[in-house]
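# turn this into a structure:
(one chain, ligands or ions: 1)
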Amino acid sequence: MTDARIIDGKASAAALRARVARAAAEVERAHGIVPGLAVVLVGENPASQVYVRNKRKQTIEAGMRSFDHTLPAATGEAALLDLIGRLNRDPAVHGILVQLPLPGHIDPEKVLDTIDSAKDVDGFHVINAGRLATGGQGLVPCTPLGCLMMLKDTLGGLGGMEAVIVGRSNIVGKPMAALLLRENCTVTVAHSRTRDLPLVCRRADILVAAVGRPEMIRGGWIKPGAAVIDVGINRVPKQGEPGKHRLVGDVCFAEAVTVAGAITPVPGGVGPMTIACLLMNALTAACRQAGVEAPEI
Ligand code: NDP
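Below you'll find the model as predicted:
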């Protein structure tokens, strides 16, 4: 069998960002609306700082406004909720994103549910989760949305396919399942209590790994020709280079690439698409708040 097609998330994300930027310019020209995205970071988690920097840069490059709120780790829950209340009321802010994880003394669920669901560009608010589950029009979590776009680009129609998602988190696994169900896939959600995970994975035409365990999914778990989306981002020590790290996914890429039909690499797969989808959600949110139709992206 020849090696799988590599799904280039970087290229897909660059193309999506360019389409979003064109659409944002069109919305500004036609309606005078400049989408504004507020990003709230509490504390000094280095990975979050890098992520937030990238979001800010890409928001501005897409022709949108970026409002940054960096708060010390000791910020109390009440002060954070107060800031979110102000952002909810600010008409220049169309999207609000609170970077996770939050410090332990702050209840993330309370924070996420305080964000106005119309401005919840991460799609984590219980109203948006409910709309996705019931087929309504809400804002969809960015990572699974990016995965779905790459799957459709790679496979075309997904109807009737067997999809297996490993992981059932609220931010990846569950919304991914809802999206694939909406595309008429037959969906299985596996998790840490699943019996015989390799057997379950082997029936997947579409296998999505969102576990957080480096290279857990082996080549022998993959159906020949399957499309494999690796959401995992794991830092592991670099062999022979003490103190250095490299990023790997939840799928053993070297094995999987010889069996799968198509596969996303880590890095360069799902990650870049997540921010591009965030920008798309910010534009969608801005148009809906203004009561104007969002251009086709
Ligand atoms: P969570 O830790 O919230 O969820 C992990 C899921 O994996 C749980 O449902 C858990 O099952 C399941 N799981 C854990 N161990 C096993 C096992 N041995 N066998 C089967 N299932 C198992 O993680 P997230 O969903 O937040 O993230 C998953 C990965 O995706 C992480 O590596 C994260 O860094 C990455 N990620 C990447 C993003 C991107 O932009 N590319 C964005 C978000 C996440 P159970 O429920 O039973 O405990």
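
# host element of residue 223?
Taking DSSP states H and E as the definition, residue 223 sits outside all helices and strands.

# below-threshold pLDDT in the stretch 1-150 of the chain: ranges please.
1 (pLDDT under 70).

# near the ligand, which residues of it show up?
Residues of the stretch 1-150 of the chain found near the ligand (C-beta under 6 Å from any ligand atom) are residue 143. Every residue, glycine included, has its C-beta placed from N, CA and C.

# how about the helices in the stretch 1-150 of the chain?
9-31, 46-61, 77-89, 108-114, 126-134, 142-155 (DSSP state H, counting those that start in this stretch).

# settle this for me: residue 45 is touching residue 101, isn't it.
Yes: using C-beta atoms under 8 Å, residue 45 makes contact with residue 101 at a distance of 7.0 Å.

# comparing the helices of the stretch 1-150 of the chain, which comes out most buried?
Most buried of the helices of the stretch 1-150 of the chain by mean neighbour count (mean count of other C-beta atoms under 10 Å) is helix 142-155; its value is a mean of 22.

# for that helix, packing partners?
helix 9-31, helix 173-182, strand 206-209, strand 227-230, helix 270-290 (3 or more C-beta pairs under 8 Å, 6 or more residues apart in numbering; DSSP states H and E).

# contacts for that helix?
Outside helix 142-155, the residues that touch it by C-beta atoms under 8 Å, 6 or more residues apart in numbering are 5, 7, 9, 12-13, 16, 121-123, 158, 161, 171-172, 175-176, 179-180, 183, 206, 208, 210, 227, 229, 231, 262, 264, 269-270, 273-278, 280-281.

# what residue lies at the spatial centre of this protein?
Nearest to the mean C-alpha position of the chain, counting by C-alpha atoms, centre = their mean, stands residue 143 at 1.4 Å.

# now the helices of the stretch 1-150 of the chain in CSV, with distance to residue 199?
Output for these, formatted as CSV (distance: least, C-beta to C-beta, whole Å):
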stretch, distance to residue 199
helix 9-31, 29
helix 46-61, 34
helix 77-89, 44
helix 108-114, 34
helix 126-134, 28
helix 142-155, 23
